[in-house]
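A.B. asks: fold the following for me, if possible:
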Amino acid sequence: MNVEHEVTLLVEEIKRLGTVDDSGHHQVTFGELFHDDRCANIFEALVGTLRAAKRKKIVTYDGELLLQGVHDNVAIKLLQN
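C.D. replies: Take a look at the predicted model:
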């Protein structure tokens, strides 16, 4: 799979799993994405896809590298609709 396609799938999954915050952006925690069965089947490297989406300014979150367990409560915010 190419990165562009995986980022597009990531946007869809954030919309599916997330909630809309006060500013109208979809938001989901890393733990929700990481532990979701559908996401586990789609993304071979979820962290890599998140980093690519962050570099393209499609999502934002605190930190550079998210680790399962330690960063489960980190909010991932979708910057575009």
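
A.B. asks: list the residues that contact residue 56.
C.D. replies: Residue 56 makes contacts with residue 7, as judged by CB atoms under 8 Å, 6 or more residues apart in numbering. (Each C-beta comes from the backbone N, C-alpha and C, glycine too.)

A.B. asks: same deal with residue 9?
C.D. replies: Under the criterion of CB under 8 Å, 6+ apart, the contact partners of residue 9 comprise 42, 43, 49.

A.B. asks: counting neighbours, what do you get for the first one?
C.D. replies: Burial measure for residue 42: 16 neighbouring residues, criterion other CB atoms under 10 Å.

A.B. asks: I'd say it and residue 13 touch.
C.D. replies: Yes - Residue 42 is within contact range of residue 13, at 7.0 Å (criterion: CB atoms under 8 Å).

A.B. asks: that older thread, among the contacts of residue 9, which are located in helices?
C.D. replies: Within the contacts of residue 9, membership in helices is found for 42, 49, as judged by DSSP state H.

A.B. asks: and which of the contacts of residue 9 is nearest residue 23?
C.D. replies: residue 49 (23.4 Å; CB to CB).

A.B. asks: pLDDT below threshold where in the protein?
C.D. replies: 1, 81 (pLDDT under 70).

A.B. asks: can you show me the helices along it?
C.D. replies: Using DSSP H, the helices assigned to the chain run over residues 3-17, 30-35, 37-42, 46-55.
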